[in-house]
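# need a 3D model of the sequence below.
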Amino acid sequence: MKKNFLFSAALVFMASIAIAQETKTEENRKPGHYNENKFRQMYEEMATPNMFRTASGAPGPAYYQQKADYKINVELDDKNTKLFGTETITYHNNSPENLEYLWVQLDQNMRAPESKTPLVESQRMSPALTPDRFAKQFMEEPFQGGFHIDYVKDAKGNAMSYTINQTMMRINLAQPLKSGDKISFAIKWWYNINNYQVDGGRSGYEQFEDGNRLYVIAQFYPRMAVYNDVEGWQNMQFWGRGEFALPFGDFEVNITVPADHIMEATGELQNRKDVFTKEQQNRWELAQKTYDKPVVIVTQAEAEQTEKGFSDKKKTWKFKAKSVRDFGFSTSRKFILDAMAVKLETTTPMAISLYPKEANPLWGEYSTRAVAHTLKTYSHFTFDFPYPKAVSVSAQDQGMEYPMICWNFGRPDKDGNYTDRVKYGMLGVIIHEVGHNFFPMIVNSDERQWTWMDEGLNTFVEYLTEKSFDPNFPLDRGPADKIVPYMRGNQDFISPIMSNSENIFQFGNNAYGKPATGLNILRETIMGHELFDYAFKTYANRWKFKHPTPEDFFRTMEDASAVDLDWFWRGWFYSTDYVDLGVKDVKQYYVSLEPTEEMKNFAARRGRFLRDMGPFIYLVDETNKEFNPATKKPFEVKDVQMLEDYLDKNLTTEEKAALNKAPKYFYEVEFEKPGGMIMPIIAELHFEDGSTELHTFPAQIWRRNNETAKRVFATDKKIVKIQLDPNLETADIDVSNNMWPKEELPSKFDELDKK
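Next up is the predicted model:
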């Protein structure tokens, strides 16, 4: 029995279109064009794969990276807020090239009086200034910051030639450093420590009314720049925003501070018995076995007693760290310290917090628990945290990360009270900064070039961590609807994500919010959890303790998932295209066995009789109704009974039982895409009985027509409403065209704007 009668008319119709196209005259031809299809391969945008970095996104067989080991001795002069240091750097040239010189970063020079950083920003005169701002801008001498280099010497103690260019120092080698060789040299330096609340900065000190200071110290030593297969020397100047690119190495650091200070730092403490009391050591041993709540190592009572005196004696804390790219420390006589162990599948790191009494009760209740939860969640999505600890330090107005240690804002008022906003703000920054241990401290991307590779990826996993920490966590980045106000903003002040860190408009939205949202859309809507999570974990494990590029991330996500995402990277990361999908038109059809005039005319043109082309099921456009020849009235839905009669007469009982549905209603829906960004179509059908049905069409539905796409819905119930993106998954900037029939209602985004 012939069963393909439902398809015959469609095939004939398509054939007629092909013939019509062939009859176009030469005058109607359009000029040729290049491939502008949004699904074209990204060979032009991405670097060519090679032996260093493969087309799969993995390190290649010739991949290499340099190593820089440090032995550092520093002393903090608390009375004069100065830091003095000497270091020996051993640099391993693992590259295939010989190096004529070495580049060392001098980040503190950004705060030197002659720094060019203040000169690169436009200024305008404010009509009103507070006295303190007026004095700072027009009357005060600039802060006397920046490194003072006393010497650079080789391993034999001989002076080495060097040249300082702003925040970079070139070590001029007498002989090239050959491939496979290493060199050791020593640097002695000092600098004035800045009050970061007055002079700004990612590190410095916080001044308390009782005369005490809380130090968060980073970028405090001359640091080797990265040399790799992508940039050669990454010696782009540090202007203050684009963060750091650093090689991995091993550190031995001795830090001398006042004897009454408590400290934490990158690495493992080597002389605990010399710097803690016996009772504090016992508490530490208990904390190493405690997994459910923090153990207080240095109590608030002990900290309050210590902060009353200012010891003239000194104490040296000794730390060692392996395979880290940087080193930071924090020290104060005001510190309370608590800790707990975190059980992961293969490691058991310590979660630690340092905070003054001014941070309690908020910090004692939440900080270390948030650190522990962050390590667990990030480890689940990437790899088990490989370092021995993660430290959260309470530092007002700060939010900055270094290996194993970070400083975070958020404190209660003077009476110990705090709002949910303060609490969740503190938790958010702790989760974010601790999460940076994974991106970029271990998956070591180039922050000086691509802020999004650490901030965006980290913000995405932060979002997942916050959701699992507290279901009611007030999320401000990650969900698609949160990025809409930015995406529909003034294009003159929006940059592609793939822009250098120093050239970005709206830094937070561009480098944090939009990349995190894009990854969330990939996970929730485009790829699904299983494919996305596997590919994301593959990227993290391929590139842990290595230096990935954007292409390595893009390629790995496709390589490990078999999902073609070139269209997504190009639209979301390389352009400022925005999402705007809509319902352009809906045509409703009814079923009849009677031929329409259109079909009769078509058959006549082909020199055929309808009986030779049938039997057909005729779909009649409800918006342009034909008359039923039998009743002389417009077709109604009840005419579908003719189909049922036909099936009764022509199909056996077994064949009818094999049919899984009998549609009565037919809708041809035309979707439009006023926005430039490709995105899947998510259409929710609402039926007159109150039920709904969700249909998702992959982004590839737009592959041959960038403007419109059509789908036919055959249902057994009448559709009363069609809504696109009902759960706001795609960052659609205009939902006013998402509904059929059109509803004149304020959008959720308009309501958010009003708030």
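# in stretch 544-562, what counts as buried?
544, 546-561 (16 or more other CB atoms under 10 Å). For glycine as for every other residue, the C-beta is placed from the backbone atoms N, C-alpha and C.
# and that stretch, end to end?
Using CA to CA, to the nearest Å, the end-to-end distance of stretch 544-562 comes out at 22 Å.
# could I get the average pLDDT for it?
For stretch 544-562, the mean pLDDT works out to 98.
# picking that back up, in helices, which of the buried residues of stretch 544-562 appear?
550, 551, 552, 553, 554, 555, 556, 557, 558, 559 (DSSP state H).
# so the residue lying closest to the fifth one once chain neighbours are set aside, which of the three states?
Right, the one you point to is residue 554. Once flanking residues are discounted, residue 554 sits nearest to residue 569: 5.0 Å by CB to CB, 6 or more residues apart in numbering. At residue 569 the chain is in helix, as set by DSSP: H, G, I helix; E, B strand; the rest coil.
# wait, residue 569 touches residue 553, no?
No: taking CB atoms under 8 Å as the definition, residue 569 is not a contact partner of residue 553, at 9.2 Å.
# how far away is the residue nearest to residue 554 from residue 59?
20 Å (CB to CB, to the nearest Å).
# repeat that for residue 363.
Distance of residue 363 to residue 59, computed by CB to CB: 40 Å.
# got it, and residue 286?
42 Å.
# and if you look at residue 525?
In terms of CB to CB, residue 525 sits 30 Å off from residue 59.
# again with residue 208
48 Å.
# just to revisit the earlier point, residue 569 and residue 59 - which one has more neighbours?
When residue 569 and residue 59 are compared for neighbours, residue 569 comes out ahead with 23 against 18, by other CB atoms under 10 Å.
# so who does that one touch?
Shown here is residue 569, whose contacts under the criterion CB atoms under 8 Å, 6 or more residues apart in numbering are 42, 45, 554.
# wait, which of these is closest to residue 214?
Nearest to residue 214 out of the contacts of residue 569 is residue 554 (CB to CB; 41.5 Å).
# residue 46 is in contact with the closest one, correct?
Yes: if you go by CB under 8 Å, residue 554 and residue 46 touch, sitting 6.8 Å apart.
# show me the contacts for residue 722.
Per CB under 8 Å, 6+ apart, neighbours of residue 722: 583, 586, 667, 669, 683, 684, 685, 686, 739, 740.
# repeat that for residue 552.
Per CB under 8 Å, 6+ apart, neighbours of residue 552: 53, 57, 58, 539, 542, 543.
# how near is the residue nearest the centre of the chain to residue 436?
Note on the chain: the residue nearest the mean C-alpha position is residue 456, at 2.0 Å, using CA atoms, centre = their mean. Separation of residue 456 from residue 436 (CB to CB) stands at 12 Å.
# okay, now the unreliable bits of the protein?
By pLDDT under 70, the low-scoring segments of the chain are 1-27, 136, 138-139, 590-646, 660-661, 744-755.
# hmm, try it at 50
1-23, 626-630, 635-641 (pLDDT under 50).
# put the buried members of the contacts of residue 722 into a PyMOL selection.
The buried residues among the contacts of residue 722 can be selected in PyMOL (16+ other CB under 10 Å) with this line:
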select buried, resi 583+586+667+669+683+684+685+686+739+740
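# out of the contacts of residue 722, which comes closest to residue 113?
Using CB to CB, the contacts of residue 722 come closest to residue 113 at residue 739, 60.8 Å.
# just give the nearest non-adjacent residue to that closest one, would you?
residue 723 (5.4 Å).
# gap between the one helix or strand that neighbour maps to and the chain center?
Assigned by DSSP states H and E, residue 723 belongs to strand 719-724. Using CA atoms, centre = their mean, to the nearest Å, the distance from the centre of strand 719-724 to the centre of the chain it belongs to is 34 Å.
# following the top helix by length along the chain, which helix or strand comes up?
Assignment by DSSP H gives helix 362-381 as the longest helix of the chain. Note on helix 362-381: by DSSP H and E, the next helix or strand toward the C-terminus is strand 389-394.
# for residue 484, helix, strand, or coil?
Residue 484 - assigned by three-state DSSP - is helix.
# let me redo that: residue 119
Under three-state DSSP, the three-state class of residue 119 is helix.
# does residue 422 touch residue 362 like I think?
Yes: counting by CB under 8 Å, residue 362 is a contact partner of residue 422 at 7.3 Å.
# quick one: which of the two has more around it?
A direct count of neighbours by other CB under 10 Å for residue 422 and residue 362 places residue 362 higher, at 21 against 16.
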